[in-house]
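1. Below is the structure, and that's it, no one-letter string:
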């Protein structure tokens, strides 16, 4: 059970987030990678009010950070790569294969995620705004194009580079999960099964359960009746 | 002069692009990194019609790719990291410092570029569309927030991690260049000077000149008079 208060590795995560974000906050990537690698970690939970010096560690005020001794890294892609270098289960050591995995990590975060995040923001944050209504069809088409490119590449392969799961798959499938409010992934050949294979991994399940457990434990209490009056 | 037809490293680039894209196409990142590292490279120039099998190498149909022997990598972030591992001029070997640089590469591509690219698309590709007009103020505010975060981090430092230029600065400053059609970078404390320092590097100047030289040599000929009739 890798969550261990005495672990050398610490990550940050949110104490609680609204339901639409539960199960997709980016510390999931770090937790999943640590589970795949079999590395213990502890968690610093953050509220809306961050510690005053948090911005000095994470200039964009987000989670996760990873801390291990003198090492201090933000950005989920970099964190997953750091964990990958500790475990052949995530990142091959051969240069050619290693950079195939690393390129997919970048591809997920720069060639796929921006299109998906754009649609997510339109659907969740900007719902009802006039520009969002006008833009949505084009934004969805752009997501579909990205998914088609990915689907064409994947074909019948189990993982992006064949039989071996890597950090590239971990980051790509957590990126696809940002579309869970739509049927777009399931409707694209190969991608629905690809995502199911990823989510069936025991390490993924443990990581997801641990992220959700923190939210369940820190559910805000409803206002007492009449408090709003 | 690193462009060398007999070099072991090959990258792909476009033969020609419209003026708004000249000087910011992403092979610039690969060229610049290779110049900083002092590594010779050759270039495969691509037209709008790519070779039939290009999509098998680059699933998103973009440039650059890097090829070296058995190594074949797409995504500019991964390519720059690969080149960085060949040269301490770009990427420290110490684990702590190495991941500080790598995290900034990811931060540029995932925490900064999507906001900037969104504004660029609104201004360049979707000009005049109703949704783009309605969305622009919010999109610009989001860019300003990202630039402020970056500016607060940078302060009076020369580079993102202090006195040493790394792949993180290379990718971040090429990302900021996507805003060259605005004054946003110059108007943000520290960032205008940061970008100028980067663009003053001889390796950057050579890389930019070589990208632009291909476009100048392959400028489409104007239609003969009356051809449109």
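-> All right, it came through fine. Source: prediction; values computed, not measured.
2. Give me the residue ranges of chain A where confidence is low.
-> By pLDDT under 70, the weakly predicted segments of chain A are A:1, A:225-229.
3. That one: strands as residue ranges?
-> Counting by DSSP state E, chain A has these strands, from start to end: A:9-14, A:41-46, A:65-68, A:71-74.
4. Please list the residues outside the third one that contact it.
-> By that I understand strand A:65-68. Outside strand A:65-68, the residues within contact range by CB atoms under 8 Å, 6 or more residues apart in numbering or on different chains are A:8-12, A:30, A:57-58, A:72-74, A:79, A:82-83. The C-beta positions use only the backbone N, C-alpha and C, and glycine is treated the same way.
5. Would you list the buried entries among these?
-> A:9, A:10, A:11, A:12, A:30, A:58, A:72, A:73, A:74, A:79, A:82, A:83 (16 or more other CB atoms under 10 Å in any protein chain shown).
6. what would those look like in TSV with distance to residue B:116?
-> Formatted as TSV, those follow (distance: CB to CB, whole Å):
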residue	distance to residue B:116
A:9	32
A:10	32
A:11	28
A:12	26
A:30	26
A:58	20
A:72	26
A:73	23
A:74	19
A:79	23
A:82	26
A:83	28
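7. Among these, list the two that are farthest apart in space.
-> A:58 and A:83 (17.4 Å; CB to CB).
8. just checking, what's the longest helix in chain A?
-> Secondary structure of chain A per DSSP state H: the longest helix is helix A:130-154.
9. Is it in proximity to chain B?
-> Yes - Helix A:130-154 comes into contact with chain B (CB under 8 Å from any CB of the partner chain), by way of A:130, A:131, A:132, A:134, A:135, A:146, A:149, A:150, A:152, A:153.
10. How many residues are close by the spatially closest residue to residue A:147 that is not a sequence neighbour?
-> Distance criterion CB to CB, 6 or more residues apart in numbering or on different chains; nearest residue to residue A:147, sequence neighbours excluded, is residue A:188 at 4.4 Å. Using other CB atoms under 10 Å in any protein chain shown, residue A:188 has 22 other residues around it.
11. What are the neighbouring residues in contact with residue A:188?
-> Contact analysis of residue A:188 by CB under 8 Å, 6+ apart lists A:144, A:147, A:148, A:150, A:151.
12. Let's see that with 10 Å instead.
-> A:143-144, A:146-148, A:150-152, A:154, A:176, A:179, A:194-195 (CB atoms under 10 Å, 6 or more residues apart in numbering or on different chains).
13. These, buried ones only, as a PyMOL selection?
-> The PyMOL command for the buried members of those (criterion: 16+ other CB under 10 Å) is given here:
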select buried, chain A and resi 143+144+146+147+150+151+154+176+179+194+195
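14. tell me the two of the contacts of residue A:188 that are most distant?
-> Greatest spatial distance among the contacts of residue A:188 (CB to CB): A:152 and A:179, at 17.7 Å.
15. Need the strands of chain A in TSV (columns: distance to residue A:24).
-> Compiled in TSV, those are given as follows (distance: least, CB to CB, whole Å):
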stretch	distance to residue A:24
strand A:9-14	11
strand A:41-46	17
strand A:65-68	18
strand A:71-74	18
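16. so which of the ones you listed comes closest to residue B:24?
-> So among these, strand A:71-74 is nearest, using CB to CB, at 26.0 Å.
17. follow-up on the earlier one: within reach of chain B, which of the contacts of strand A:65-68 are there?
-> A:58, A:72, A:73, A:74, A:79, A:82 (CB under 10 Å from any CB of the partner chain).
18. Can you tell me how far residue A:100 is from chain B?
-> 7 Å (CB to the nearest CB, to the nearest Å).
19. Any buried residues in stretch A:12-24, and which?
-> A:12, A:13, A:14, A:16, A:17, A:22, A:23, A:24.
20. and the fourth one, what are its phi and psi?
-> Taking degrees, to the nearest 10, you get phi -160, psi 140 for the backbone angles of residue A:16.
21. again, but for residue A:94
-> According to degrees, to the nearest 10, residue A:94 has phi -60, psi 130.
22. Please tell me how far it sits from chain B.
-> The value you get for residue A:94 to chain B, if CB to the nearest CB is used, is 10 Å.
23. List the contacts of that residue.
-> A:88, A:100, B:70.
24. of all those residues, which comes closest to residue B:104?
-> The nearest one, if we look at the contacts of residue A:94 relative to residue B:104 and count by CB to CB, is residue A:100, at 22.6 Å.
25. Report the contact partners of that closest one.
-> A:92, A:94, A:160-162, A:164, A:166, A:168, B:71-74, B:78.
26. could you redo those residues as a markdown table and give each row distance to residue B:208?
-> Shown next, in a markdown table, are the contacts of residue A:100 (distance: CB to CB, whole Å):
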| residue | distance to residue B:208 |
| --- | --- |
| A:92 | 35 |
| A:94 | 34 |
| A:160 | 33 |
| A:161 | 33 |
| A:162 | 38 |
| A:164 | 39 |
| A:166 | 34 |
| A:168 | 31 |
| B:71 | 25 |
| B:72 | 25 |
| B:73 | 22 |
| B:74 | 22 |
| B:78 | 22 |
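27. out of those, who's nearest residue B:49?
-> Closest approach between the contacts of residue A:100 and residue B:49, by CB to CB: residue B:74, at 18.7 Å.
28. And for that closest one, nearest residue in space, chain neighbours not counted?
-> Nearest to residue B:74 is residue B:58, by CB to CB, 6+ apart, at 4.6 Å.
29. For the one you found, which residues are in contact?
-> Residue B:58 makes contact with A:103, A:107, A:111, A:149, A:153, B:12, B:46, B:50, B:64-65, B:72-75 under the criterion CB under 10 Å, 6+ apart.
30. what would those look like in a markdown table with distance to residue B:222?
-> A markdown table is the format used below for the contacts of residue B:58 (distance: CB to CB, whole Å):
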| residue | distance to residue B:222 |
| --- | --- |
| A:103 | 39 |
| A:107 | 38 |
| A:111 | 34 |
| A:149 | 34 |
| A:153 | 39 |
| B:12 | 27 |
| B:46 | 22 |
| B:50 | 25 |
| B:64 | 29 |
| B:65 | 31 |
| B:72 | 38 |
| B:73 | 38 |
| B:74 | 34 |
| B:75 | 36 |
